[in-house]
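A.B. asks: I'd like to go over a predicted model; first the sequence, then the structure.
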Amino acid sequence: MKKAVTINDIAEQLNLSRNTVAKALNGQYVPEKTRELVLKKAQELNYKSLNVSHLEIGAKKYKILLVAGKPLNNMNYFVPLVQGIENYCFGHNYGFFQHTYNVNRTPFAGFADYVKELRPDGIVAIECFDKNFIGKLLNLDKPICFIDFTAHDVSFNKRYDIISTNDEKSVCDMVKLLINRYGVNSFTFVGDRRHCLSFHERYMGMLKGIISLKNEHSKKDDILCNDESFDYGNADAIKTEILKLKYRPDCFICCNDFVARNVCNALKSLNVNIPRDALVVGFDNVSEATAFKPGISTFSVNKEFLGMETLRTLINRIENPNTPSRTITVSTDLILRESTDRPVTAQN
């Protein structure tokens, strides 16, 4: 009697691990070429547990379009995030397409024609913060999941989902930690809080942390320049804004690590020692925080997981289009580095 073919037999034939073969046969993520090899070999060997559902894995169920509102220049942040989206699509054999739309240069009609021709089942929108563009995007009547969102008050009569990080709570908890541990009593937020929802929530988190411990704060204490007219990548420009402040704060809370790095450079040019004279906090845990000296305290999010969670949310929207709109929050991890490593005995 001929012995039944097992997963181990397939694995040996292909020189793959048993775990990889099992994942391919059970619809879990493996590279698409690997999945095809496993299914083909299973058919050749007449693997008895291979059924129609396995063979149907090769059929593209959905077509996904990733729309970026501008070139994704912050590669350390966006590469793993987009990789998470791609991995989910490839793992489920979905079609995946990317398109960059420039609000100031591209007529929307041309983009609408592109979407009409492509006929995606769902759209992931990233760096799409212009409220007028968002409205037009929603009017395409496609299931949409936004990664971050506009900070402006909007009311759209459409159903959509938003994926974000727990920005407000993260910064609020950090502010309370710095006040309680080091006696920090003055803060300055650096960044355009109206740029996007996440920046706004980080600003609100700072205010909430200050107020919760009965401290005072004025908007005049912050650097909130509109980033369309102010270059947060220019340390000299930030230095000028710091000099305009009534007093130098104990701590600078920055909208992200890129801005935090330039705040540190501006402070260095003013002969301000970090962290002895001023603390600096960023957000995102990208190379601007990890490679800079001193290392910048920040908040880390699993960017690949964030991308995959976006796809899971979008697929749910595709399959359940009338579900109420949701905002799904992904937690962050606080990463403490030298920029806030002031000795506890040096409280103000």
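C.D. replies: Alright, I've got the coordinates. Just so you know, these numbers come straight off a predicted model, no measurement behind them.
A.B. asks: how about the helices in the chain?
C.D. replies: 7-14, 18-25, 32-44, 52-55, 75-91, 108-118, 131-138, 167-182, 197-212, 235-244, 257-269, 287-290, 303-319 (DSSP state H).
A.B. asks: now the angle from the first one to helix 18-25?
C.D. replies: Put simply, helix 7-14 runs at 100 degrees to helix 18-25, going by axes from the mean of the first three to the mean of the last three Cα atoms, to 10 degrees.
A.B. asks: can you start the count at 23 instead of 1 from here on
C.D. replies: New numbering, starting at 23: the last item is helix 29-36.
A.B. asks: export helix 29-36 as PDB, just CAs?
C.D. replies: What follows is helix 29-36 as a C-alpha-only set of coordinates in PDB (Å, rounded to 0.1, in the frame of the first residue of the first chain):
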ATOM      1  CA  ILE A  29       3.700  18.000   4.600                       C
ATOM      2  CA  ASN A  30       7.200  16.700   5.500                       C
ATOM      3  CA  ASP A  31       7.500  15.000   2.100                       C
ATOM      4  CA  ILE A  32       6.600  18.300   0.300                       C
ATOM      5  CA  ALA A  33       9.100  20.200   2.500                       C
ATOM      6  CA  GLU A  34      11.900  17.700   1.700                       C
ATOM      7  CA  GLN A  35      11.200  17.800  -2.100                       C
ATOM      8  CA  LEU A  36      11.400  21.600  -2.100                       C
END
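A.B. asks: now do that helix: which elements does it pack against?
C.D. replies: In terms of contacts (3 or more Cβ pairs under 8 Å, 6 or more residues apart in numbering; DSSP states H and E), helix 29-36 is packed against helix 40-47, helix 54-66. Using the backbone N, CA and C atoms, a C-beta is placed for each residue, glycine as well.
A.B. asks: so which of those helices is the most surrounded?
C.D. replies: Ranked by mean neighbour count, these are led by helix 40-47 with a mean of 19 (mean count of other Cβ atoms under 10 Å).
A.B. asks: that one - what's its average pLDDT?
C.D. replies: Mean pLDDT, computed over helix 40-47, is 83.
A.B. asks: for that helix, name the packing helices and strands.
C.D. replies: Counting contacts by 3+ Cβ pairs under 8 Å, 6+ apart, helix 40-47 packs against helix 29-36, helix 54-66.
A.B. asks: please save the CA atoms from that helix in CSV.
C.D. replies: C-alpha atoms of helix 40-47 as CSV (Å, rounded to 0.1, in the frame of the first residue of the first chain):
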residue,chain,number,x,y,z
ARG,A,40,7.8,22.1,7.4
ASN,A,41,6.5,25.3,8.9
THR,A,42,6.8,27.2,5.6
VAL,A,43,5.0,24.5,3.7
ALA,A,44,2.2,24.3,6.4
LYS,A,45,1.7,28.1,6.2
ALA,A,46,1.5,28.0,2.4
LEU,A,47,-1.1,25.2,2.5
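A.B. asks: now that helix against helix 54-66, angle please.
C.D. replies: Using the same axes, to 10 degrees: helix 40-47 against helix 54-66 is 90 degrees.
A.B. asks: tell me how far helix 40-47 lies from the chain's centre.
C.D. replies: 30 Å (Cα atoms, centre = their mean, to the nearest Å).
A.B. asks: sweet, I'm off.
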